[in-house]
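Asks: structure for the following, please:
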Amino acid sequence: MKPIYLAALLAFGSVSCVDDVPQLQVLHAALPEDDCSIPEDEAILRGSLDMTLASNYRLGLIVTSNRIGTEILVGEGGQVSSPGSQVVFITSMDVSYQTEPDLGIEDTNVRLFGGFEGGEGSSMLLNVLTPQARDALDAATLGGAIVDTLITIKFKGHTAANNKVEANEFTFPLTVGRSGYGCPAGQQFAAPTANCDLRGHNGIVPECEDIPVP
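Replies: So this is what the prediction gives:
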């Protein structure tokens with residue numbers, strides 16, 4: 001399985017018609033490991049974010065491409081797969097947020113950059129909150145609210161032949177609040193040591209350590 005790390009830039013785009021059968025399919029979600037790899041054999045159905053400890057939620061997705069390689073004749077009777085013919089390039093992601101209470105977060109299209117080989121499984125790691133969603137949830141939870149959020153994601157892109165591709169819609173429930181968690185007097189949060197630090201995710205809290213004496 002090949003990991004895909006996507007860089008996201010806020011942008012707006014249009015919706016296009018594609019085939020009914022998804023050529024790119026999101027199978028399930030998982031929390032990343034400390035080294036940011038995504039475990040293929042683990043899955044989570046929902047998440048929680050403590051905005052006392054984290055401002056965004058890192059989510060790993062297990063993805064597979066349903067495109068089948070095309071064989072072409074080379075020389076006398078030789079058959080090989082056309083190199084790169086079935087690669088799917090992801091170029092954007094539609095994302096929406098339904099919240100209770102309603103925070104009025106607008107649907108957004110986010111630009112992404114990544115590629116998936118045909119007929120292969122892979123994974124991707126992304127922050128699921130756009131800047132607008134993060135700011136709205138931050139303001140709401142500062143007042144003590146707990147916000148139930150349903151995030152809907154749909155990836156879009158094209159093949160090497162420039163045929164349009166859409167993935168299935170994937171939804172992920174996320175409960176967002178603030179615990180006010182802190183260290184006892186004379187201690188502070190230990191600095192992160194993992195590449196993917198998950199403090200604030202699904203009840204994970206950082207360790208405390210003594211504040212160094214000057």
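
Asks: quick one: pLDDT of the residue nearest to the spatial centre of the chain?
Replies: What sits nearest the mean C-alpha location of the chain, by C-alpha atoms, centre = their mean, is residue 126, with 3.4 Å. pLDDT recorded at residue 126 is 93.

Asks: element containing it, please.
Replies: strand 121-127 (DSSP states H and E).

Asks: what strands line up against that strand, and which way round?
Replies: Partner strands and pairing direction for strand 121-127 (DSSP bridges) are strand 2-5 (parallel), strand 58-65 (antiparallel).

Asks: tell me where this structure has helices.
Replies: 131-142 (DSSP state H).

Asks: where does it have its least confident helix or strand?
Replies: strand 9-11 (a mean of 33; mean pLDDT, DSSP states H and E).

Asks: if we can go back for a sec, can you give me the distance of the residue nearest to the centre of the chain to residue 55?
Replies: According to C-beta to C-beta, to the nearest Å, residue 126 and residue 55 sit 15 Å apart. C-betas here are computed from N, CA, C, even on glycine.

Asks: residue 49 too?
Replies: 9 Å.

Asks: who has more neighbours, the two?
Replies: residue 49 (26 against 13; other C-beta atoms under 10 Å).

Asks: per-residue confidence at that one?
Replies: Looking at residue 49, the pLDDT reads 98.

Asks: what of the one 4 residues further on?
Replies: Model confidence at residue 53, given as pLDDT, is 96.

Asks: I'd assumed residue 205 was in contact with it.
Replies: Yes - the pair residue 53 and residue 205 passes the contact test of C-beta atoms under 8 Å, sitting 6.7 Å apart.

Asks: overlap in contacts, the two.
Replies: 181, 199 (C-beta atoms under 8 Å, 6 or more residues apart in numbering).
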